[in-house]
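>>> here is my input; please provide its structure:
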Amino acid sequence: MAFSGAKHVVTCASGTDALLMVLMAKGVGRGDAVLCPSFTFCATGEAVALTGATAVFVDVDEVTFNIDPTSLRSGIDVAKKQGLKPVAVIPVDLFGQSADHDAIGAVAAGEGLFVLDDAAQGFGASYKGRRIGTFGLATATSFFPAKPLGCFGDGGAIFTDDAELAATLRSIRVHGQGSDKYDNVRLGLTARLDTMQAAILIEKLKISRTRSPRAMWSPNAMARGLGNAVSVPRLVSGCTSVWRNTPSVCQGHEPRRLCRGAEGAGHSDLDLLSEIDASADGLPALPGPPTAAFR
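A predicted model of the protein is given here:
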């Protein structure tokens, strides 16, 4: 998939598998902390929990709904105070728009963390002229039907420029396979992409490559028309979006969709912290009140 701009592409069975496989390949486990945005789908934190590591949730920017680099720094401090070792950050390219990868990358580099971009909703978008799929150590995406590039069932992929990581991911994808199918050199998964879904994606990818930017709906148009009544994500200058669904935040109400894609596909992404009992799971919480838009 040259469309992503990455040197290596490893397909897999789902977007959650894509996240989990990278964390497994990097040896993330108990005692480690992975920084995640609090406003995302459950799979982002779920993949972390499956490794035995702890997901530390940080706040998001009120304008873009993506991870706030300032809150990321606070989250790292919280993790350390909890006796955890911060090892990674998973920014999410939510609602078709990329996270602030320059700022996030700078924080991660300063703390020695690797970046695993969750581009389940952002595949095909760009950040300052660069395609999503070229930031951090690796990018994970989903091909679920509701996503920008969707198949007819489940599917996912990982993009990376690291050849050694790509080789490890291919091993994990098939039960930790080594030189042959019965040579199992590490713990792995059954995470192969179904052949039928791959065939569908090949044809849909041809369309995605030629899609005009004018066909990509911009949330700024909705903001201009309804900005006096609701708040919606704003498209950052220099970035492109691939999402046609957008949430709105009305005073006194939960975030909800304003419009749906032409195919009618879509799903609700609510504040992850409303779906998880943080105290029961022992997940450290950040100090201070939540972002006003999500109270």
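
>>> output the host helix or strand of residue 55 as CSV - backbone C-alpha positions only.
With the criterion set as DSSP states H and E, the secondary-structure element containing residue 55 is strand 54-58. Once side chains and other backbone atoms are set aside, the C-alpha atoms of strand 54-58 remain, and they are given as CSV (Å, rounded to 0.1, in the frame of the first residue of the first chain):
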residue,chain,number,x,y,z
THR,A,54,-1.4,0.2,32.1
ALA,A,55,-3.2,2.7,29.8
VAL,A,56,-2.7,6.2,31.2
PHE,A,57,-5.4,8.5,29.7
VAL,A,58,-4.7,12.1,28.9
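
>>> can you list the low-confidence ranges for the stretch 151-295 of the chain?
Within the stretch 151-295 of the chain, the set of residues satisfying pLDDT under 70 comprises 209-295.

>>> 50 - rerun?
Along the stretch 151-295 of the chain, the parts satisfying pLDDT under 50 run over 212-216, 251, 253-295.

>>> what residues does stretch 178-191 touch?
By Cβ atoms under 8 Å, 6 or more residues apart in numbering, the surrounding residues in contact with stretch 178-191 are 12-14, 17, 20-21, 24, 168, 171-177. Yep, even glycine has a C-beta here, placed from its N, CA and C like the rest.

>>> what's the end-to-end length of it?
Between the opening and closing residues of stretch 178-191 there is a gap of 15 Å (Cα to Cα, to the nearest Å).

>>> tell me the contacts of residue 120?
The neighbourhood of residue 120, defined by Cβ under 8 Å, 6+ apart, consists of 15, 41, 43, 92-93, 140-142, 144, 147.

>>> quick one: strands adjacent to the strand holding residue 55?
Paired strands of strand 54-58, with direction, are strand 32-37 (parallel) (DSSP bridges).

>>> after the partner strand, which helix or strand is next?
helix 42-50.

>>> could you give the mean pLDDT of that following helix?
When pLDDT is averaged along helix 42-50, the result is 96.

>>> list the buried residues in that helix.
Across helix 42-50, burial judged by 16 or more other Cβ atoms under 10 Å covers 43-49.

>>> just stretch 158-173 next, same as before
Under the neighbour-count criterion of 16+ other Cβ under 10 Å, stretch 158-173 has 158-160, 162, 165-166, 168-173 buried.

>>> now the helix or strand containing residue 20 against helix 42-50, angle please.
Assignment of secondary structure by DSSP H and E places residue 20 within helix 15-25. Angle of helix 15-25 versus helix 42-50, following axes from the mean of the first three to the mean of the last three Cα atoms, to 10 degrees, is 30 degrees.

>>> okay, helix 15-25 in PDB with CA atoms only?
Backbone C-alpha positions of helix 15-25 (Å, rounded to 0.1, in the frame of the first residue of the first chain) are rendered in PDB as follows:
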ATOM      1  CA  GLY A  15      -7.400  -2.700  13.800                       C
ATOM      2  CA  THR A  16      -7.200  -3.900  17.400                       C
ATOM      3  CA  ASP A  17      -4.800  -6.700  16.300                       C
ATOM      4  CA  ALA A  18      -2.700  -4.100  14.600                       C
ATOM      5  CA  LEU A  19      -2.300  -2.100  17.800                       C
ATOM      6  CA  LEU A  20      -1.800  -5.200  19.900                       C
ATOM      7  CA  MET A  21       0.800  -6.700  17.600                       C
ATOM      8  CA  VAL A  22       3.100  -3.700  17.700                       C
ATOM      9  CA  LEU A  23       2.900  -3.600  21.500                       C
ATOM     10  CA  MET A  24       3.700  -7.300  21.600                       C
ATOM     11  CA  ALA A  25       6.600  -6.800  19.200                       C
END
